[in-house]
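> Sequence first, predicted coordinates after that:
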Amino acid sequence: MEKHLQPGTIAAQALGDVDEATGAVVPPIHVASTFIRDPDNQYRKGFAYGRPDNATVRHAERVLAALECGSEALLTGSGMSAATMAFLALERPAHIVVPRVMYWGLKLWLAEDAPAHGIEATFVDASSTSEIEAAIRPGRTRMVWIETPANPLWSVSDIAETARIAHAAGARLGVDSTIATPVLTRPLTLGADVVMHSATKYLNGHSDLLAGALVFPGKDAYFERAARLRSRLGMILGPFEAALLLRGMRTLHLRVRHQCGAAMAIARHFDGHPRVAEVLYPGLPGRAGHNVAARQMDGGFGGMLSIRVKAGEQAAIAAAARVKVWKRATSLGGVESLIEHRASVEGAGSPCPTDLLRLSTGIEDPADLIADLEQALAGN
Ligand SMILES: Cc1ncc(COP(=O)(O)O)c(C=O)c1O
């Protein structure tokens, strides 16, 4: 497919691949676990065994790499396996600088499990580039990691400035771009060295698979180590999941643009609402991170926001119990809107305020979502 085409076109046609044998506009799902060797003992077609080699997985990887303006992508069985692979592929010993506010499951791995792998993390306020800079140990810090916007406060990190600071100290920059998606932000074009996605979320978009991805700007030694780890540890995605992900990505641009509009409408409606103490959304002007987000997010501020319920924790839990249209569930990025009392998920030690409800806007009519939240809050 032509390189100059708009990303939405590339996604809709999954790079334009068709089945050579039949002309089918959707290529078949390749399920083979093994491949015929050439008579002279070579594998000239580039496929030897299903763990490292699968054509359906590679197709999904090519689409994602194109959307992220990258060169290589590695799909894995979940966002967690992609993120942990990004750290396990670092040279050791490794000091890393990571956010204090980030996806909770990864933060637990970094705090509790990474040290046994020779990876020592310093946790910082990643919305402050000066705090990131102060935490870097030149020559010892292998990676700075940011998530932007970051779970569950939707704080924003400056990708280009963090890349400059990391590179000046000889460190890589990794970005969890799950929330922004390549529709809104392409971190590799801003200097990042690796982009991570929980493809479980927006990339697939239908709450019906788990997948993860790393995207790289080139085939350097770091990419090679990550690819080897994936193969040796077997952190792979199956072909059926890759096919579902390919189908999901065809509508990525439509979904994310709608979700940005819905999230903005909800944020504006509840900003200053008598039962809401605070709306956390980088799209609201005057909020921390808004200007950086406006600079590095293209065409919207994402589909995720949080509201803090004025009457406190129990009132927040009670409001979540009253929703009829929103689904009371964890996760995010699907076509159906989800609400959760986030502190209940994160538990002890979490920086999440106890009165916070995390909202993932889907593709329903925003008027229905607003009316449902209104009635849920009114019961307090
Ligand atoms: C921002 C972010 N990163 C990573 C993950 C982990 O992804 P997965 O659940 O696909 O392993 C999640 C999951 O909620 C997430 O929200």
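Perfect, I can see it now. Quick caveat: nothing in here was measured; it's all calculated off a predicted structure.
> Residue 198 touches residue 82, doesn't it?
Yes. With contact defined as Cβ atoms under 8 Å, residue 198 and residue 82 form a contacting pair (7.5 Å). C-beta: built from backbone N, CA, C; applies to glycine.
> ok, whichever residue of the chain sits closest to the ligand - contacts?
The ligand sits closest to residue 79 of the chain, with a gap of 2.2 Å, by Cβ to the nearest ligand atom. Residue 79 makes contact with 103, 178, 196, 197, 198, 199, 200, 201, 210, 211, 212, according to Cβ atoms under 8 Å, 6 or more residues apart in numbering.
> Greatest separation within the residues you listed: which pair is it?
The span of those, defined through Cβ to Cβ, is set by 103 and 211 at 15.2 Å.
> neighbour count winner among these two?
Ranked by neighbour count (other Cβ atoms under 10 Å), residue 103 and residue 211 place residue 211 first, with 27 against 22.
> ok, that one - contacts?
Listed by Cβ under 8 Å, 6+ apart, the contact set of residue 211 reads 75-79, 198-200, 203-204, 237, 241-242, 245.
> again, only using 6 Å
199, 200, 237, 241, 245 (Cβ atoms under 6 Å, 6 or more residues apart in numbering).
> Quick check: neighbours shared by residue 198 and residue 82?
Shared contacts of residue 198 and residue 82 (Cβ under 6 Å, 6+ apart): residue 212.
> Compare those two (neighbour count), which wins?
Per other Cβ under 10 Å, whichever of residue 198 and residue 82 has more neighbours is residue 82, with 30 against 27.
> Please report how far the more buried one lies from residue 336.
According to Cβ to Cβ, to the nearest Å, residue 82 stands 24 Å off from residue 336.
> cool, and residue 318?
Separation of residue 318 from residue 336 (Cβ to Cβ) stands at 22 Å.
> Up against the ligand, what does the protein have?
78-80, 83, 103, 105-106, 147, 151, 176, 178-179, 198, 200, 210, 212, 331 (Cβ under 6 Å from any ligand atom).
> Cross these against strands and list the overlap.
Using DSSP state E, the subset of these located in strands is 147, 176, 198, 212.
> Does the second one have any beta-bridge partners, and if so which?
The one in question is residue 176. On the basis of DSSP bridges, residue 176 is bridged to residue 147, residue 196.
> which regions of this protein sit below the pLDDT cut-off?
Where the chain drops to pLDDT under 70, the residues are 2, 380.
> What ranges does it have for its helices?
In the chain, the helices defined using DSSP state H lie at 7-12, 55-67, 79-88, 104-108, 129-135, 159-168, 181-184, 221-233, 239-250, 252-270, 290-296, 313-322, 342-346, 366-378.
> Much appreciated, bye for now.
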